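Colleague: give me a 3D structure for the following:
(chains A and B)
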Amino acid sequence: MPYPMQLGFQDATSPIMEELMYFHDHTLMIVFLISSLVLYVLILMLTTKLTHTSTMDAQEVETIWTILPAIILVLIALPSLRILYMMDEIFNPYLTVKAMGHQWYWSYEYTDYEDLSFDSYMVPTQDLNPGQLRLLEVDNRVVLPMELPIRMLISSEDVLHAWTVPSLGLKADAVPGRLNQATLTSTRPGVYFGQCSEICGSNHSFMPIVLEMSTLKYFENWSHMMQT
Amino acid sequence: MSAPVLAKPQLRGLLAKRLRFHIIAAFILSLGCANLYKFGVAEPRKKAYQDFYKKYDAVKDFQEMYQAGVFQYENK
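Modeller: Here you go, the predicted model:
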């Protein structure tokens, strides 16, 4: 979950999010490289009275500052494409869960084995218990087994929404009339939060997502309890 | 009776000399910044994740969380 004065990403809870964090570090390193170079050259230009009054061309430096950025872009693109393809690998999910966006709540359907579906509304601020998180808690959490690949099918019953869980590196648009697929694998148990990420009306900020990643036994017991 | 003559100062190539020196310095500085970030932040982060998962017991962690009341439902 996010915390005050946070600067970086939330801790990664899936292998893909870890890869994304490392890629971000790689790209930010390149950003610092270029920014420090540009800043140094800028200060250099501003702190001299010396000029070159007869510049006609600069073929050598033009070549360098064309080739070098091209190399840098390739160094960014290759890891990026690697992760992109990693996200789409065949993964044989153990479970499929449908997340349907509504104005302004999510509904979830677990229909692999039996028929289980429920709505997940945000807990209003005045109804929160001490210690609960404002604008993040929901009445019915999405309970899922940890360490297993799960297929999420995301869609919408009305307008565009987006189903997001930052610590798992997941974000997919909920488009009416379309099914978007995301793969969810959590390496750790716990409670993970997300918020709707596509403007969908007045309560767009008030339809959060809460995942409970648990052992398979807890998940089975919960599933059985939810149906009765 | 002539006074001693000073050596003729360097009058040409001042900008080129400055540029050559500082461009090299700029590249060294920027590569240094990049390496500082890489070895100060990026590599320790990778190591931290590796070390965390080396001896991580997810089931034990779940049970500790369950005992602490993190989860919504009373079941196991």
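Colleague: assign a three-state SS to A:Thr13, would you?
Modeller: coil (DSSP: H, G, I helix; E, B strand; the rest coil).
Colleague: which residues of chain B lie near chain A?
Modeller: B:14-15, B:18, B:22-23, B:25-27, B:29-31, B:33-34, B:37-38, B:41-42, B:45-46, B:49, B:53, B:56, B:58-59, B:61-62, B:65-66, B:70-73, B:75-76 (C-beta under 8 Å from any C-beta of the partner chain). Where C-beta positions appear, they are placed from N, C-alpha and C, glycine not excepted.
Colleague: just the buried residues from those residues, in ChimeraX please.
Modeller: A single ChimeraX command selects the buried members of those (16 or more other C-beta atoms under 10 Å in any protein chain shown):
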select /B:22,26,29,30,33,34,37,38,42,45,49,58,62,65,66,71,72
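Colleague: so which of the residues of chain B next to chain A belong to helices?
Modeller: B:14-15, B:18, B:22-23, B:25-27, B:29-31, B:33-34, B:37, B:45-46, B:49, B:53, B:58-59, B:61-62, B:65-66 (DSSP state H).
Colleague: what's the spacing between the residue nearest to the spatial centre of chain B and A:Asp25?
Modeller: Against the mean C-alpha coordinate of chain B, by C-alpha atoms, centre = their mean, the closest residue is B:Tyr37 at 1.2 Å. Separation of B:Tyr37 from A:Asp25 (C-beta to C-beta, to the nearest Å): 8 Å.
Colleague: all strands for chain A, in order.
Modeller: A:95-102, A:105-110, A:116-120, A:142-145, A:150-156, A:161-165, A:170-174, A:180-184, A:190-195, A:208-214 (DSSP state E).
Colleague: out of those, flag the one nearest A:Leu128.
Modeller: The closest of the strands of chain A to A:Leu128 is strand A:208-214. By C-beta to C-beta, the value is 12.5 Å.
Colleague: pLDDT on the closest one, on average?
Modeller: Mean pLDDT, strand A:208-214: 97.
Colleague: tell me the strands beside that strand, with direction?
Modeller: Using DSSP bridges, strand A:208-214 pairs in its sheet with strand A:142-145 (parallel), strand A:190-195 (antiparallel).
Colleague: need those in CSV (columns: mean neighbour count).
Modeller: Formatted as CSV, these follow (neighbours: other C-beta atoms under 10 Å in any protein chain shown):
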stretch, mean neighbour count
strand A:142-145, 22
strand A:190-195, 21
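Colleague: JSON lines for those strands, including mean pLDDT?
Modeller: Output for these, formatted as JSON lines (pLDDT from 0 to 100):
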{"stretch": "strand A:142-145", "mean pLDDT": "97"}
{"stretch": "strand A:190-195", "mean pLDDT": "97"}
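Colleague: could you dump those strands into TSV and include distance to A:Tyr110?
Modeller: As requested, the strands paired with strand A:208-214 are arranged in TSV below (distance: least, C-beta to C-beta, whole Å):
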stretch	distance to A:Tyr110
strand A:142-145	9
strand A:190-195	18
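Colleague: so which of those is nearest A:Val165?
Modeller: strand A:190-195 (4.0 Å).
Colleague: tilt between that closest one and strand A:170-174?
Modeller: Put simply, strand A:190-195 runs at 40 degrees to strand A:170-174, going by axes from the mean of the first three to the mean of the last three C-alpha atoms, to 10 degrees.
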